[in-house]
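Trainee: I would like to see how this sequence folds:
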Amino acid sequence: MTADVSTLTGATDVESLDAHAVVGLMVERLHPRLALACSFQKEEAVLIDILLEQQPDAAVFAIDTHVLFPETYAVWRAIERRYGIEVQAVEGPSLGRQAAAHGDALWERNPSLCCAIRKVGPLGAALSGLDGWITGVRRDQSPTRAGTPKIGWDERHELWKAAPLADWSDADVWAYIEKRDLPVNELHARGYASIGCVHCTAPGTGREGRWAGTDKTECGLHA
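Mentor: Numbers count the residues shown, from 1 in each chain. Okay, here's the model as predicted:
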């Protein structure tokens, strides 16, 4: 199944909307069958603030791979305290079960399979029953994300997908964070532009620190 964005937005020119308006449109048309996917990077700090300002009871979930950085778990707790919410943890099989099936340290031998088990599968479960989701994807993060629409049809999961910050720059994100004094993952200050799991993330600009030394650039959640 495919769907034209106009079936959701009508005559609205979505690409001309700012981030607040994109979030507002998604909330207006899809809440409560709408959720924000949070990886606790700087982009989600912005989006949680925008979303909860407009819809305080909006759903927010995060994929807990059980190999996230301590700093990621710390900002997870900080965000929950600030907004008085519970970010729903979405999980795949235990690390022990994965090791029993595929051997230890699968992320070293087959990172794509590891991502499929620990991220992609749980995402599908989290999106089941929803009509839309909001992500922190930005076009300037990598060539694979350059064509990201602000709102589009997610064919894999058969629901609407929004990227309200698609046309934002790093500077735009940091300016909003500073203006609103938002809790942010401390790893960003240590040179991590993109943050994932402990074993597959290193400091670097853009997404160059993800799966460094391999040709892998995406975990499979967005591409």
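Trainee: point out where the protein drops to low pLDDT.
Mentor: By pLDDT under 70, the low-scoring segments of the chain are 1-2, 206-213, 215-223.
Trainee: so which residue of it lies furthest out from the middle?
Mentor: Going by CA atoms, centre = their mean, the residue of the chain most distant from its centre is residue 100, 28.8 Å out.
Trainee: how close does that residue sit to residue 93?
Mentor: Distance, residue 100 to residue 93, by CB to CB, to the nearest Å: 9 Å. All C-beta atoms are positioned from the backbone trio N, CA, C, and that covers glycine.
Trainee: what of residue 60?
Mentor: Distance, residue 60 to residue 93, by CB to CB: 23 Å.
Trainee: would you map the strands across this protein?
Mentor: Secondary structure of the chain (DSSP state E): strands at 34-37, 59-63, 88-90, 132-134, 151-154, 159-162.
Trainee: for residue 84, see how far away the closest residue to residue 183 other than its chain neighbours is.
Mentor: Among residues not flanking residue 183 along the chain, residue 78 sits closest, at 4.0 Å (CB to CB, 6 or more residues apart in numbering). According to CB to CB, residue 78 stands 12 Å off from residue 84.
Trainee: neighbour-wise, which of the two wins?
Mentor: For residue 78 versus residue 84, neighbours defined as other CB atoms under 10 Å are more numerous around residue 78 (17 against 8).
Trainee: nearest to residue 69 among the strands of the chain would be which one?
Mentor: When the strands of the chain are compared by CB to CB, strand 59-63 sits nearest residue 69, at 13.0 Å.
Trainee: and that closest one, what does it pack onto?
Mentor: If contacts are counted by 3 or more CB pairs under 8 Å, 6 or more residues apart in numbering; DSSP states H and E, strand 59-63 sits against strand 34-37, helix 42-54, strand 88-90, helix 121-127.
Trainee: which elements pack onto the third one?
Mentor: This points to strand 88-90. Strand 88-90 makes packing contacts with strand 59-63, helix 121-127 when contacts are defined by 3+ CB pairs under 8 Å, 6+ apart.
Trainee: if you set the cut-off to 10 Å instead, what comes out?
Mentor: On a contact count with 3 or more CB pairs under 10 Å, 6 or more residues apart in numbering; DSSP states H and E, strand 88-90 meets strand 34-37, strand 59-63, helix 121-127.
Trainee: tell me the most buried of these?
Mentor: Of the helices and strands packed on strand 88-90, the one with the most neighbours on average (mean count of other CB atoms under 10 Å) is strand 34-37, at a mean of 24.
Trainee: how far away is the closest residue in space to residue 41 that isn't next to it in sequence from residue 79?
Mentor: Closest residue in space to residue 41, ignoring its immediate chain neighbours: residue 195 at 5.2 Å, by CB to CB, 6+ apart. Separation of residue 195 from residue 79 (CB to CB): 14 Å.
Trainee: which one's more surrounded, the two?
Mentor: Using other CB under 10 Å as the criterion, residue 195 and residue 79 rank with residue 79 on top: 24 against 21.
Trainee: the more buried one contacts residue 47, correct?
Mentor: No - look at residue 79 against residue 47 with CB atoms under 10 Å: they stay out of range, at 11.0 Å.
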